[in-house]
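> Sequence and predicted model, in that order:
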Protein chains: 2
Amino acid sequence: MERVAVVGVGMTKQDEHWNKSIRDLSVEAGGVALKDARLEGKDIQALFVGNMSAGRFVGQEHMAALAADQAGLLPIPATRCEAACASGSLAFRKAYLSILSGEYDIVMVGGTEKMTDIKGAGAISALMGAGDQEWESATGLTFTGLYAIMARAYMNKYGLTREELALVPVKNHKHGLNNPYAQFRYEVTVENVINSPLIADPLRLLDCSPLTDGSAAVILASEEAAKRFENPIWVLGSGQASDTLALHNRQSITEIASSQIAARIAYEKSGLKPDDIDVAEVHDCFSIEEILAYEDLGFAERGKGKDLLLNKDTYVGGRIPVNTDGGLKLGHPVGATGIKQIIEIARQLRGNSFNQVKDARIGLTHNIGGTGATALVHIFGKE
Amino acid sequence: MERVAVVGVGMTKQDEHWNKSIRDLSVEAGGVALKDARLEGKDIQALFVGNMSAGRFVGQEHMAALAADQAGLLPIPATRCEAACASGSLAFRKAYLSILSGEYDIVMVGGTEKMTDIKGAGAISALMGAGDQEWESATGLTFTGLYAIMARAYMNKYGLTREELALVPVKNHKHGLNNPYAQFRYEVTVENVINSPLIADPLRLLDCSPLTDGSAAVILASEEAAKRFENPIWVLGSGQASDTLALHNRQSITEIASSQIAARIAYEKSGLKPDDIDVAEVHDCFSIEEILAYEDLGFAERGKGKDLLLNKDTYVGGRIPVNTDGGLKLGHPVGATGIKQIIEIARQLRGNSFNQVKDARIGLTHNIGGTGATALVHIFGKE
C-alpha cells in the first residue's frame, strides 16, 4: 500500500480578523504551508478546501476555486468539501485518497472560515445548518442547546459533576497559554468556568468554543514525492463515519457512535491501538465533547473520561496529552479546525510544538460535524 | 490502470416540487438508482453528494450526512462536494478517485438541490454565491448579467446574430419534448425566444435555465465489482480545471479556458478525440454557453459553433447530438445537474434514451460552475 505524508503546514492566527477577508486568510495559510515545505505554487497539482458555510457567513460559495484563484494556483483542480465542523478533516481525507488513487503526487489541503462578518443570531443560525433543519433548527435549538442536552444526560448517567466538567476548559486554556495562534491566551479556574454566564444549562460561556476567523493549510505528498522532504509526517490511518443529523434519532446521546466507528477504522488501518497514541487533538467544541471523545477513542472506559482530567493524564506531561494547542476552545474557525488539529499533531511529531510532548511518535486527530453526524479520525506517525 | 463503471442510475422529475423536501428528493433518486442496479442500501460503501447551496436555499448544510441518514445508509462515510453548478460532476469525480484509491468497491454519488423554497431575489442572491462576492455579487451583477456580457462580446467578435443564438433553446426544447423528467415540455420557435421578456440584454427569458428542484444519483463500481452488473458504462476519462471566479480577470470572455483544459485532460486520459464522441451533454445554463462549449470541447472551430446548429449537427440524428434530454434549459437543479447529465449519457450508451442516438458508443459530459471558475469533463464508453 502506497503511503502519504504531510510535508508542509501553515496557519493564520485564530482571531476576529476585522481587516482580513476569507480570501486573505486562505492565501496567507497556504503561503505559509508552501514556504514550510519549500515549494512554490507551481508544484501543487490540486487543491482541496474544507469550508462549512462561507455561503451564509460571507455570501460566497465556490470557495475552492476562489482560493486557487487568489493564491495564483490556477488552473489546478480545486474541490470544496463540507461536513459542517468536520469539513477540514473531510477535505484532508479526500486529498489523501486522491493521492492514493495515483492521480496526484503533491496536493494542498486548506480549511477556512470567516465567522465574524455576521454577528450573533446570524452566526448561530448559520451554524445550525450543521444540525437537522426540520427537527432541530426549526424548533429553535442551538448547538449549545444540543450539547447541553448531551452534557445533562451524561452527568445524570455517570455522575459527572459541574466542577469536573469545568476541568476541560481549565486544561485547554492552560495549554493555549503558549500557543501564539490561539484566540485567547489566559488561564481560567474551575470557579471562573462555573461562574461564567449560563448559555444553555449546564453549559456556560467558558464551556463553549468561540466564533473564529482563520485558515490552515497542509501539503500532502505521495511516498515517492515525499522522499525530497525532511521530516515527513505519515498518514498511518484514516477513518470516516456518519450518524443521524438529529440527536433524538441516536441510540445513545452519551456517546458518539460515528467517532467510535471512525476510530476503529483508523486503528485497524494503522495497526495501532489507543495505548499507542502519544498525543491527540480531539473535538472539544463544548466541554462535554472532549470527555465523550476520550471514551469514544478508547482512551478511557465509558463513564470514566473525567479520570483523565482528575489524574492530569491529558495534560502535557501526562500519559496521553490532549489538545496541546488549547483545542477548539481557543479557536474554532469551523472549516479550518480539522486542518489546524493536523498541524498541531505535525508540530508534535516534528518536535516543535509550543507544548512539546516528549518523544511523541504517534499522534491522532478527531474531528466531528454537528453533534457527530460526521466523524473523522486520522492517525499520524514519524519515520 | 483500474477501471470504474456506472452500474445504476436514478433521478426525480425536474420540477417545482412543492410537496417534497430536499431530503425526500434525495432519497427518491438514490432509491431509483439502487433499484436500477439491483442493489440494496447495505451494498453501498460510501456516499458522495453534490450540492451547491442548501445552506442558503433551505437552511441546511451537512447535506451528505443527512442524505445517508434519510436513505438508511448509515454509518457509511458521506461527503458533500461543492463547486457551484458543477457540484454534481465534482462529487462524481471524487467518488471515482475514491474507487481508484482502492478504498471502496461500490459507492453512490448523488446530486441534489431544492431551489424554489425561496423565491426571486433570494434565489438569485444565493446563486451569485458562485461568482466573486467582492467584485461581482456586491456590484449587483447576476448570472444572467454575466452571461449577457459574454454573449454580447461573442456576438460582436464572431458575428453571431440574436436569431442564431435562439437556435440553442429551440433545439433543446425540441429534445426535451420526449423527456418525462424535463421541467418544461413544449417546443419554442426563434420568434418565441426573441420575443420573450428581456432579462439581461441580449439574453431573454427563453435563453435562461430555470430554478429547479431535483435530485439525481448514480452508482459506481470498481472493475472487479462491476463484473456482476449488466451493461456497465465505463468512465474512460475525467478532467477537472479551475479559472478565476471574476469574469473580468479572464484572458478571454468569449471562451472558457477551464473547459478546454478539463476536456484536454479527459481526451488524453481516454485516448479519444472530439470526433470520437457520439453524444454529449454540455452546460447550457444560458444559450451562449452551449455555443462556447461546442468550441471549447473541440466540436467546432472558434467562432463557428453556430454552424452545428444551422446544420442541425447537434440535433438527434445529426453528426454529434448535444443535450438529447433537453439540457439545463429544461431543468437545472444546480447541485444535481452534473449527475443528470451523466445519467442521460448512461441512457444513451445503454440504448434506452428518450431520444436515442443510433449506435452511440462514446459519450461526454461537460459541467461548469459559475462562469467557468470550475469545469469538469467526463468521457464514458460501453463495453
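Looks like it arrived, so ask away. Predicted, not measured: the structure shown is a model, and the values here were computed from it.
> all contacts plus neighbour counts: C-alpha atoms, from now on.
Noted.
> Quick check: the residue nearest in space to the middle of chain A vs A:L90, distance?
By C-alpha atoms, centre = their mean, chain A has its centre lying nearest to A:G338, at 3.2 Å. Going from A:G338 to A:L90 by C-alpha to C-alpha, to the nearest Å gives 8 Å.
> Then A:S209?
According to C-alpha to C-alpha, A:S209 and A:L90 sit 20 Å apart.
> So between those two, which is more surrounded?
A:L90 (38 against 20; other C-alpha atoms under 10 Å in any protein chain shown).
> Any idea how many residues pack against the closest residue to chain B within chain A?
Chain A approaches chain B most closely through A:S101 (3.6 Å), counting by C-alpha to the nearest C-alpha. Here the number of neighbours of A:S101 (other C-alpha under 10 Å) works out to 21.
> Report the contact partners of it.
B:97-102 (C-alpha atoms under 8 Å, 6 or more residues apart in numbering or on different chains).
> Of those, which belong to helices?
Counting by DSSP state H, the members of those that fall within helices are B:97-100.
> and of these, the nearest to chain A?
Among those, and counting by C-alpha to the nearest C-alpha, the member closest to chain A is B:L100, at 4.8 Å.
> Can you verify my assumption that that closest one contacts B:E2?
Yes. At 6.4 Å, B:L100 and B:E2 qualify as touching, with contact defined as C-alpha atoms under 8 Å.
> more neighbours, those two?
Between B:L100 and B:E2, B:L100 has the larger neighbour count (other C-alpha under 10 Å), namely 25 against 11.
> Not counting its neighbours along the chain, what's nearest that one?
Nearest non-adjacent residue to B:L100, counting by C-alpha to C-alpha, 6 or more residues apart in numbering or on different chains: A:S101, 4.8 Å away.
> Could you do A:G72 as well?
Nearest non-adjacent residue to A:G72, counting by C-alpha to C-alpha, 6+ apart: A:G41, 7.0 Å away.
> give the contact list for that neighbour.
A:34, A:71-73.
> and A:G363, how many neighbours?
With other C-alpha under 10 Å as criterion, A:G363 counts 28.
> In three-state terms, label it for me.
The three-state label given to A:G363 by DSSP: H, G, I helix; E, B strand; the rest coil is strand.
> Which stretches in the stretch 201-350 of chain A count as strands?
All strands of the stretch 201-350 of chain A, identified by DSSP state E, counting those that start in this stretch, fall at A:203-204, A:213-222, A:233-242, A:279-281.
> any idea of the mean pLDDT for the second one?
Strand A:213-222 comes out with an average pLDDT of 98.
> any residues in contact with both of B:L100 and B:E2?
By C-alpha under 8 Å, 6+ apart, the residues touching both B:L100 and B:E2 are B:S222.
> out of the ones in helices among the contacts of A:S101, who has the most neighbours?
Going by other C-alpha under 10 Å, B:S98 tops the ones in helices among the contacts of A:S101 with 27 neighbours.
> what does the stretch 151-300 of chain A put close to chain B?
Neighbours of chain B within the stretch 151-300 of chain A, by C-alpha under 8 Å from any C-alpha of the partner chain: A:240-245, A:258.
> try 10 Å
Contact residues, the stretch 151-300 of chain A versus chain B (C-alpha under 10 Å from any C-alpha of the partner chain): A:239-246, A:249, A:257-258, A:261-262.
> Could you list every helix and strand in contact with the helix-or-strand element of chain A with minimal mean pLDDT?
One helix or strand of chain A scores below all others by mean pLDDT, DSSP states H and E: helix A:121-127, with a mean of 93. Under the contact criterion of 3 or more C-alpha pairs under 10 Å, 6 or more residues apart in numbering or on different chains; DSSP states H and E, helix A:121-127 touches helix A:54-58, helix A:143-158, helix B:54-58.
> one step back: make JSON lines out of the contacts of A:S101 and add pLDDT.
Output for the contacts of A:S101, formatted as JSON lines (pLDDT from 0 to 100):
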{"residue": "B:L97", "pLDDT": "98"}
{"residue": "B:S98", "pLDDT": "98"}
{"residue": "B:I99", "pLDDT": "98"}
{"residue": "B:L100", "pLDDT": "98"}
{"residue": "B:S101", "pLDDT": "97"}
{"residue": "B:G102", "pLDDT": "96"}
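> closest to B:P77 among those residues?
Using C-alpha to C-alpha, B:S98 comes nearest to B:P77 of the contacts of A:S101, at 11.5 Å.
> Helices of chain A, start to end?
Under DSSP H, chain A gives helices at A:22-37, A:54-58, A:63-70, A:87-100, A:121-127, A:143-158, A:162-165, A:167-176, A:190-195, A:223-226, A:257-270, A:287-296, A:305-310, A:334-350.
> Comparing the ones you listed, which yields the minimum mean pLDDT?
Within these, confidence is poorest for helix A:121-127, with a mean of 93 (mean pLDDT).
> can you give me how far that one is from the chain middle?
20 Å (C-alpha atoms, centre = their mean, to the nearest Å).
> buried ones in that helix?
A:123-127 (16 or more other C-alpha atoms under 10 Å in any protein chain shown).
> Kindly report the same for stretch A:320-339.
Within stretch A:320-339, the residues that qualify as buried are A:320-339, counting by 16+ other C-alpha under 10 Å.
> what residues are up against the closest residue to A:I291 other than its chain neighbours?
Using C-alpha to C-alpha, 6+ apart and skipping the chain neighbours, the partner closest in space to A:I291 is A:G305 (5.2 Å). Taking C-alpha atoms under 10 Å, 6 or more residues apart in numbering or on different chains as the contact definition, A:G305 lies against A:158, A:160, A:288, A:290-296, A:298-299.
> can you put these in TSV and add neighbour count?
Converted to TSV, those look like this (neighbours: other C-alpha atoms under 10 Å in any protein chain shown):
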residue	neighbour count
A:Y158	14
A:L160	19
A:I288	28
A:E290	25
A:I291	29
A:L292	28
A:A293	24
A:Y294	23
A:E295	21
A:D296	24
A:G298	17
A:F299	21
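> how about the residues you listed, which pair is most distant?
A:L160 and A:G298 (18.4 Å).
> Same list (the helices and strands packed on helix A:121-127) but as CSV, adding distance to B:A84.
Listed next are the helices and strands packed on helix A:121-127 as CSV, based on distance: least, C-alpha to C-alpha, whole Å:
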stretch, distance to B:A84
helix A:54-58, 11
helix A:143-158, 27
helix B:54-58, 11
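> These: which one's closest to A:A221?
Proximity to A:A221 (C-alpha to C-alpha) singles out helix A:54-58 among those, at 27.8 Å.
> Next, see if the closest one gets close to chain B.
Yes. Using C-alpha under 10 Å from any C-alpha, a contact is recorded between helix A:54-58 and chain B, made by A:54-56, A:58.
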